[in-house]
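Participant: got a sequence here, can you build the structure:
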Amino acid sequence: MKFITDYLRLIIFCSGLLMGIQIPAVVDQYQKRVDAHLTEAVELLAGFQQTADRYFNGSMSALISHYENSSDAIFRDDAVNIRFMSDRVVELQNEMSALQASAVFRTSHVLFFANKKLLSETMQQYSYMILLDPAALIWGVVIALFLAGIIDILLAGLLYWVKRNQQADNNT
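Facilitator: Model (predicted):
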């Protein structure tokens with residue numbers, strides 16, 4: 001019976017290790033997705049940025065205001081689209097800035113403050129991998145130890161409860 005519990009512990013530890021290693025992989029794939037979206041958004045805005053550079057000293061806000069205040073309805077409608085693209089670039093730049101921090105901050109950002117749509121896209125297209133870098137190994141060992149510890153505590157509590165009930169039954 002002891003060897004079964006030892007193998008169970010080993011399986012739980014290995015499973016926790018593999019789950020923990022996935023954390024930096026998710027963060028890495030999320031960061032690559034954000035970078036790809038940012039690159040695309042900057043490219044889409046590039047022509048308007050050139051116009052802003054040429055006529056408004058690089059101010060995208062001034063260009064958008066000019067479009068909004070135009071007597072031409074088409075320009076006013078385009079102002080909404082340009083503002084959306086400009087805001088999207090700023091949003092993605094802020095997201096990339098958050099992902100340039102330390103590994104712990106990056107991970108907590110992805111877990112708690114990530115762009116929900118981009119995180120959902122990342123998880124839908126996530127490909128499981130085993131990263132063999134120090135951060136991934138640390139995450140893996142920490143998660144494995146945590147999971148194994150929780151299971152050990154639960155099993156010890158269950159065994160204590162069973163023994164206690166058996167003793168109570170024997171005393172009656």
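Participant: wait, residue 79 sits on residue 64?
Facilitator: Yes. Between residue 79 and residue 64 a contact is recorded at 5.4 Å, counting by CB atoms under 8 Å. For every residue, glycine as well, the C-beta is placed using N, CA and C.
Participant: who's more crowded, the two?
Facilitator: Higher neighbour count among residue 79 and residue 64: residue 64, with 22 against 18, using other CB atoms under 10 Å.
Participant: for residue 72, give me phi and psi.
Facilitator: Backbone torsions of residue 72, given as degrees, to the nearest 10, read phi -90, psi 120.
Participant: what helix or strand is the residue nearest the centre of the chain on?
Facilitator: Against the mean C-alpha coordinate of the chain, by CA atoms, centre = their mean, the closest residue is residue 110 at 2.9 Å. Counting by DSSP states H and E, the element that carries residue 110 is helix 103-112.
Participant: what about that helix, distance to the chain center?
Facilitator: 7 Å (CA atoms, centre = their mean, to the nearest Å).
Participant: output whatever helix or strand comes next after it as CSV, nothing but the C-alphas.
Facilitator: Heading C-terminal from helix 103-112, the first helix or strand you meet, by DSSP H and E, is helix 116-124. C-alpha atoms of helix 116-124 as CSV (Å, rounded to 0.1, in the frame of the first residue of the first chain):
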residue,chain,number,x,y,z
LYS,A,116,-9.5,39.6,-21.7
LYS,A,117,-9.9,39.4,-25.5
LEU,A,118,-6.2,38.8,-26.2
LEU,A,119,-5.9,36.3,-23.3
SER,A,120,-8.9,34.4,-24.6
GLU,A,121,-7.3,34.3,-28.1
THR,A,122,-4.1,33.1,-26.6
MET,A,123,-5.8,30.3,-24.6
GLN,A,124,-7.8,29.2,-27.7
